[in-house]
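In: what's the 3D shape of this:
(one chain, ligands or ions: 1)
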Amino acid sequence: MSPGPMAPPFNEDTLSDTFAQRFSQAQDKTLARILAAVVTHLHEVIREVRPTPADWQKAIAFLTEVGHACDERRQEWVLLSDLVGASALVEEINSRRPKSATPNTVRGPFFRADAPSLPIGSDISLDGVGERLDVSARVEDLDGHAIANAEVTTWQANAQGFYENQQPDLQPEFNLRGVFRTDNDGRFHYRTVKPAGYRVPDDGPVGKLLDAAGYPLRRPAHLHFVIKAAGFATIATHVYDRNDPHLCEDAIFGVKPELVGDFEQINADGMPGWRLDFTFVMARAKQGADT
Ligand SMILES: [Fe+2]
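Out: Numbering: from 1, shown residues only. Below is the predicted model of the structure:
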C-alpha cells in the first residue's frame with residue numbers, strides 16, 4: 001500500500017499558520033476570519049502561559065462547569081463575559097452615540113425579558129423591604145423634546161443587593177422589576193426601594209475563579225434600564241448611586257460619568273426616604289449603531 005500524501009510538518013511556531021491556512025477554501029469568509037482570529041489568539045495564550053496537559057484539563061473542566069451552572073434563572077456565561085470586560089467592549093464598539101446621548105452599558109446577567117407592564121406610579125417593591133425610593137425620570141431626544149410612549153424596562157437588586165431571580169425562595173417573582181410607558185411629556189415615575197451595591201455571584205465557577213485570583217467582584221448600587229422608542233436607538237443602561245464607595249471599581253466596567261445619579265434624601269408622607277430624578281437622552285436610530 002502506497003503511503004498517502006505527507007501532511008506538512010508543524011511545530012509550536014507554525015501550527016497557528018497551518019490552522020489559518022486550512023480556511024483558505026471556506027465558503028463563509030467572515031466565519032473563517034473570526035475563527036482563525038480567535039484560535040490563533042488562543043494559540044498565542046498557550047505559547048505564553050505554557051500549560052501542562054493537566055492544567056489544560058482544568059481549563060476545560062472550568063468551561064464545562066460554567067455551562068452546567070446555567071439554567072433558566074442563571075446565566076454564568078454572561079457573567080463570565082461581563083467580568084472579563086468582553087461585554088463592555090462589545091457595547092463600546094457597537095453603540096457609539098452622539099456625545100450628549102445617554103451611553104449604553106451591558107444588561108448584566110439578571111435581566112428578564114418577561115417583566116410585568118405597570119401603570120406609571122406603581123410600586124415595584126412587592127415585599128416592601130428596604131428604604132423607600134421614588135424614581136422620576138424624563139426620556140427626551142437630543143434637542144430636549146419629550147419622547148412619549150417610550151417603553152422603559154427597569155430591574156434592580158433589593159436592599160441587600162440580591163435580584164429576585166437569585167432568591168426565588170425569598171423574594172416574590174418579578175420583585176423590583178417593571179415595564180412602564182412614558183407620558184406625553186416623556187416622563188415616568190415609580191416607587192421602589194433603594195438598591196444596595198453587591199458582590200457579583202461568587203458561588204459559581206466564574207466568581208470562584210476570579211475571587212481566587214484576587215479580582216474585585218463589587219458592583220456599586222445601581223438601577224438598570226432598557227428604553228425603547230420608535231425611531232430611536234435602544235438604550236440599555238444603568239443609573240448609579242453617586243455616594244456608593246465602590247463607584248470606581250465596578251466589576252463589569254459599567255460606570256460612566258453621565259450615568260451617575262443623585263439619590264437625594266427626602267421625607268415623604270412623614271417617612272424618610274430617597275428620591276432620584278434622572279434624564280435619559282435618546283439618539284435617533286440613524287445616528288447610532290443599533291436600534
Ligand atoms: Fe445589576
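In: G270: neighbouring residues, count only.
Out: For G270, the count of nearby residues is 5 (other Cβ atoms under 10 Å). Where C-beta positions appear, they are placed from N, C-alpha and C, glycine not excepted.
In: measure it to K194 for me?
Out: G270 is 18 Å from K194, where distance means Cβ to Cβ, to the nearest Å.
In: now swap in A26 and tell me
Out: A26 is 53 Å from K194, by Cβ to Cβ.
In: next: I124.
Out: From I124 across to K194, the span is 13 Å (Cβ to Cβ).
In: run through the residues that contact A150.
Out: By Cβ atoms under 8 Å, 6 or more residues apart in numbering, the contact list for A150 reads 139, 181-182, 186, 227-229, 232, 282.
In: and the gap between it and F278?
Out: A150 is 14 Å from F278, where distance means Cβ to Cβ.
In: about what we covered before: who's more crowded, A26 and K194?
Out: Using other Cβ under 10 Å, the more surrounded residue of A26 and K194 is K194, with 20 against 13.
In: show the pLDDT at the more buried one.
Out: At K194, the pLDDT value in this model is 97.
In: wait, it touches E264, no?
Out: No: at 11.2 Å, K194 and E264 do not qualify as touching, with contact defined as Cβ atoms under 8 Å.
In: quick check: neighbours shared by the two?
Out: Common neighbours of K194 and E264, counting by Cβ under 8 Å, 6+ apart, are W274.
In: quick revisit: which PyMOL command selects the buried ones in the contacts of A150?
Out: Listed next is the PyMOL selection for buried residues among these, using 16 or more other Cβ atoms under 10 Å:
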select buried, resi 139+182+186+227+228+229+232+282
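In: could you list which of the contacts of A150 belong to strands?
Out: In strands, judged by DSSP state E, the following of those are found: 139, 181, 227-228, 282.
In: just to revisit the earlier point, can I get the contacts of A150 in CSV with distance to N94?
Out: Output for the contacts of A150, formatted as CSV (distance: Cβ to Cβ, whole Å):
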residue, distance to N94
V139, 21
R181, 26
T182, 25
G186, 26
I227, 17
K228, 16
A229, 19
F232, 16
M282, 16
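In: wait, which of the contacts of A150 is closest to L170?
Out: Using Cβ to Cβ, I227 comes nearest to L170 of those, at 29.2 Å.
In: any idea what that closest one is bridged to?
Out: V152, I235 (DSSP bridges).
In: so where is the stretch 1-150 of the chain shaky, pLDDT-wise?
Out: Within the stretch 1-150 of the chain, the stretches with pLDDT under 70 are 1-8.
In: ranges for the helices of it?
Out: 15-21, 29-49, 53-68, 76-83, 86-94 (DSSP state H, counting those that start in this stretch).
In: distance of F263 from F19?
Out: 52 Å.
In: show me which of the two is the more surrounded one.
Out: F263 (22 against 16).
In: ok, the more buried one - contacts?
Out: If a contact means Cβ under 8 Å, 6+ apart, then F263 has 133, 194, 241-243, 274-276 as its contacts.
In: kindly report the domain assignment for the protein.
Out: Domain ranges of the chain: 15-50, 76-287, per automatic domain parsing.
In: what's the nearest residue to E140 if we skip its chain neighbours?
Out: Spatially, and ignoring its direct neighbours in sequence, E140 is nearest to G186 (5.3 Å; Cβ to Cβ, 6 or more residues apart in numbering).
In: I'd like the distance between E76 and E264.
Out: Counting by Cβ to Cβ, the separation of E76 from E264 is 37 Å.
In: what about these two, which has more around it?
Out: Using other Cβ under 10 Å, the more surrounded residue of E76 and E264 is E76, with 20 against 12.
In: OK, contacts around that one?
Out: For E76, the contact set (Cβ under 8 Å, 6+ apart) comprises 66-67, 69-70, 109, 204-206.
In: any low-confidence regions in the stretch 151-291 of the chain?
Out: In the stretch 151-291 of the chain (pLDDT under 70), the answer is 287-291.
In: quick one, helices of it?
Out: Using DSSP H, counting those that start in this stretch, helices in the stretch 151-291 of the chain cover 205-212.
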